[in-house]
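1. Below are the sequence and a predicted model for it; my questions follow.
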Amino acid sequence: MDIFIKKIQLLNLNVLAKRALLRQLMVFTVFVMLCFVSSSAVYSAVPAVKNLSIQDESGVIVIRYDLAYSEAGTVSIGLECSYNSGNSYNITPISVTGDIGNVSPGTGKQINWNIESDLPGANLDNTKIRMIANDGTHTIRYITKGGAVMVLIPEGNFQMGSIPTSDGMPIFGDEVPKHTVYVNSFYIDAHEVTNEKYGQFLIATEHTPPLYWDDTNSLFNAPEQPVVGVTWDDAVAYCLWAGKRLPTEAEWERAARGGLVGNEFPWGNTLDRNYGNFSGVDVDLEGIEWYDTTPVCMFKPNEYGLFDMIGNVYEWCSDYYDFFYYKTSLESSNPLGPAFDPENIQNRVLRGGSCYDGFFPTYLRSATRYSYHPSTSNGIVGFRCVMNNE
């Protein structure tokens with residue numbers, strides 16, 4: 001029964017997406033305005049780096065970034081460098097100036113590193129740089145790849161799946177049993193792939209645009225909204241172009257949980273509308289209430305510094321979907337999901353819930369699983385990318 005309910009709910013999303021397109025165009029204008037506002041928005045007590053860029057300008061490495069942090073005081077910002085393509089980060093830049101050390105939150109931050117002084121004759125093709133943001137409680141490592149900010153998720157074990165809880169939150173049969181899974185460290189995009197980034201991919205590759213892309217009445221295609229209407233193959237094509245890949249289902253859930261143990265949601269055990277866009281969320285910006293997708297990073301990040309892991313859009317994973325996979329799989333280290341079976345296993349996994357799911361909190365839990373045929377395209381399916389830590 002539970003899988004039937006979820007399938008009906010997902011089918012209804014197509015109807016909701018079509019209804020959304022009939023909404024007034026002025027809401028689209030508000031989206032664009034808030035894309036700008038979001039660059040200086042205050043998030044939770046986790047140091048969040050946005051708009052990170054690292055460029056070589058005549059032998060000087062210039063790092064530009066924005067820093068969001070809601071607590072009083074400063075965040076300790078540091079750099080670490082790898083001279084062997086990311087195999088080890090054991091070089092600490094010394095000849096640096098600018099917004100490094102104890103830095104106050106704000107936009108337009110810049111660090112200048114005279115790499116020629118520290119590493120004469122350095123081969124920049126083999127050089128990678130990470131930014132470290134530390135507030136005394138969180139230590140988050142950021143890199144940039146393909147113009148997107150990525151966060152390092154540490155290796156380790158976590159409890160994947162669900163068990164019935166004392167709060168009575170219903171769970172689905174495909175989430176049991178709860179089991180221990182080990183995942184290698186990896187990088188994951190801090191937020192979903194946006195229309196702006198996907199547009200760069202379309203220009204570079206002449207890939208077929210997704211649903212709603214050229215629809216002037218759409219409420220889904222402002223630059224900083226997550227791209228939607230992408231099939232699984234579309235998402236894979238983008239990842240390959242960006243030098244990344246889709247997350248496994250295990251990687252996605254580990255990242256979503258943010259290192260917290262035993263919680264239903266990435267932030268705790270009760271639905272908190274400050275952490276995601278789901279079903280008419282008031283983001284407390286001019287009293288605006290959202291009903292469709294919002295620009296990325298409008299809400300608080302989880303403990304790993306990741307935005308929109310729950311709500312906004314469903315996110316494709318690399319795995320095939322099998323309702324009984326948790327019950328039958330013996331994979332406890334970096335599971336890749338079930339094998340393709342043309343008679344029984346064809347769908348791909350989706351995670352994260354959408355902007356229409358707030359009326360059903362159980363759909364928004366870190367462990368909730370969904371599936372679609374990889375050719376599916378609708379208004380609330382997007383994705384984010386991951387990359388191996390190497």
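-> Nice, I can see it.
2. switch to C-alpha atoms for all contacts and neighbour counts from now on
-> OK.
3. what does stretch 329-346 rub up against?
-> 180-184, 248-251, 318-322, 325, 373-374 (Cα atoms under 8 Å, 6 or more residues apart in numbering).
4. Ends of that stretch, what's the gap?
-> 17 Å (Cα to Cα, to the nearest Å).
5. just the helices in the stretch 101-250 of the chain please.
-> Remark: helices assigned in the stretch 101-250 of the chain by DSSP state H, counting those that start in this stretch are 115-118, 195-205, 232-242, 249-257.
6. which helices and strands sit right next to the last one?
-> I take that to be helix 249-257. Contact here means 3 or more Cα pairs under 8 Å, 6 or more residues apart in numbering; DSSP states H and E; on that basis helix 249-257 packs against strand 156-160, strand 179-183, strand 314-320, strand 348-351.
7. Keeping just the C-alphas, turn it into CSV.
-> C-alpha atoms of helix 249-257 as CSV (Å, rounded to 0.1, in the frame of the first residue of the first chain):
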residue,chain,number,x,y,z
GLU,A,249,21.5,6.7,-3.0
ALA,A,250,23.8,6.0,0.0
GLU,A,251,25.9,9.1,-0.7
TRP,A,252,22.8,11.2,-1.0
GLU,A,253,21.3,10.0,2.3
ARG,A,254,24.6,10.4,4.1
ALA,A,255,25.0,14.0,2.9
ALA,A,256,21.3,14.8,3.6
ARG,A,257,21.6,13.6,7.2
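8. buried ones in that helix?
-> Across helix 249-257, burial judged by 16 or more other Cα atoms under 10 Å covers E249, A250, E251, W252, E253, R254, A255, A256, R257.
9. and those as JSON lines, adding distance to V381 and pLDDT?
-> Formatted as JSON lines, these follow (distance: Cα to Cα, whole Å; pLDDT from 0 to 100):
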{"residue": "E249", "distance to V381": "16", "pLDDT": "98"}
{"residue": "A250", "distance to V381": "19", "pLDDT": "98"}
{"residue": "E251", "distance to V381": "18", "pLDDT": "98"}
{"residue": "W252", "distance to V381": "15", "pLDDT": "98"}
{"residue": "E253", "distance to V381": "17", "pLDDT": "98"}
{"residue": "R254", "distance to V381": "20", "pLDDT": "98"}
{"residue": "A255", "distance to V381": "19", "pLDDT": "98"}
{"residue": "A256", "distance to V381": "17", "pLDDT": "97"}
{"residue": "R257", "distance to V381": "20", "pLDDT": "96"}
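10. right, and out of these, which lies closest to I54?
-> Distance to I54 across those (Cα to Cα) is lowest for A255, with 24.4 Å.
11. Does the closest one touch L152 like I think?
-> No. Counting by Cα atoms under 8 Å, A255 sits too far from L152 to count as a contact (9.5 Å).
12. circling back to that earlier point, quick one: which of the helices and strands packed on helix 249-257 is nearest K197?
-> Nearest of those (Cα to Cα): strand 314-320, 16.0 Å.
13. so how far is the closest one off the chain centroid?
-> 13 Å (Cα atoms, centre = their mean, to the nearest Å).
14. Would you indicate which residues of it are buried?
-> Quick answer for strand 314-320 (16+ other Cα under 10 Å): Y314, E315, W316, C317, S318, D319, Y320.
15. who does that strand pair up with?
-> strand 348-351 (antiparallel), strand 381-382 (parallel) (DSSP bridges).
16. Okay, now the unreliable bits of the stretch 151-300 of the chain?
-> For the stretch 151-300 of the chain, the stretches flagged by pLDDT under 70 are 165-169, 280-291.
17. how about the strands in it?
-> Ranges of strands in the stretch 151-300 of the chain, per DSSP state E, counting those that start in this stretch, are 156-160, 179-183, 186-189, 281-282, 289-290.
18. just these: most buried one?
-> A comparison of those by mean neighbour count, using mean count of other Cα atoms under 10 Å, puts strand 186-189 on top with a mean of 24.
19. Just give me how far that one sits from the chain centre.
-> So, by Cα atoms, centre = their mean, the centroid of strand 186-189 is 8 Å from its chain's centroid.
20. What helices and strands are in contact with it?
-> strand 148-153, strand 386-388.
21. average model confidence for the shortest one?
-> Okay, so that is strand 386-388. Per-residue pLDDT over strand 386-388 has a mean of 97.
22. Next, the buried residues of that strand.
-> In strand 386-388, counting by 16+ other Cα under 10 Å, buried: V386, M387.
23. what comes into contact with that strand?
-> Contacts of strand 386-388 (Cα under 8 Å, 6+ apart): S185, F186, Y187, I188, D189, G243, K244, R245, L246, P247.
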